[in-house]
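Novice: sequence and predicted model, in that order:
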Amino acid sequence: MPVDQGDRGADDGYRGASGVAVDPRPRSRWRDRVHTTLDLIRANPVGRVTLKIAVAVVGAIVVTVGIALIPLPGPGWLIVIGGLVIWAVEFIWARRLLAFTRHNVQAWTRWVIGQSLAVRFLLGAVGLVFVAAVLWLSLKYSLGIDVVARVLHYLATH
């Protein structure tokens, strides 16, 4: 399948028999449909601008929600990366940032897997303490619920 060289990035070096750049990864049918639809939209100047604006707005909303959820336990970073994936449909800088993020997450994962069980346990414990502290501070300062004070009061009275 030929690679569209418009907004999608540089030639990755794979060439078919005709000398046309070929994507080395096989695509599923739904990805082919999405790419065909996006190419049809981009073929019209109004469609191209409308698509860029829609992708920018939807991506910004998703990233904003993700950033708001980062301090809370849950999928805050995952939602931010989802917004980056949406932006990557139209923007090269988002594709590059997504590739950088993927590379660093994979490097971190490989590093952690290579560590001893004690180091992995320590990293997990530090992560849990961090999440607990963020949850406690979020509850205390946003909802006015001091969980630590309530637990200490419960322990003192029972």
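Specialist: It's in. Everything quoted here is computed from the prediction, not taken from an experiment. Numbers count the residues shown, from 1 in each chain.
Novice: just the helices in this protein please.
Specialist: Ranges of helices in the chain, per DSSP state H, are 29-43, 45-69, 76-88, 92-113, 117-138, 147-157.
Novice: check the offset of the fourth one from the chain's centre.
Specialist: Okay, so that is helix 92-113. 10 Å (C-alpha atoms, centre = their mean, to the nearest Å).
Novice: gap between the residue nearest to Trp77 when sequence neighbours are not counted and Ile86?
Specialist: Leaving aside its chain neighbours, Trp77 sits nearest to Ile70 (6.4 Å; criterion: C-beta to C-beta, 6 or more residues apart in numbering). Every C-beta, even on glycine, is put in place using the N, C-alpha and C of the backbone. From Ile70 over to Ile86 the distance is 17 Å, taken as C-beta to C-beta, to the nearest Å.
Novice: and the two? Which one has more around it.
Specialist: Higher neighbour count among Ile70 and Ile86: Ile86, with 21 against 13, using other C-beta atoms under 10 Å.
Novice: the more buried one contacts Ala60, doesn't it?
Specialist: No: with contact defined as C-beta atoms under 8 Å, Ile86 does not reach Ala60; the gap is 9.1 Å.
Novice: can you lay out the helices of the chain as a markdown table showing mean pLDDT?
Specialist: Output for the helices of the chain, formatted as a markdown table (pLDDT from 0 to 100):
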| stretch | mean pLDDT |
| --- | --- |
| helix 29-43 | 86 |
| helix 45-69 | 91 |
| helix 76-88 | 91 |
| helix 92-113 | 93 |
| helix 117-138 | 88 |
| helix 147-157 | 87 |
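Novice: most tightly surrounded among the ones you listed?
Specialist: Most buried of those by mean neighbour count (mean count of other C-beta atoms under 10 Å) is helix 76-88; its value is a mean of 18.
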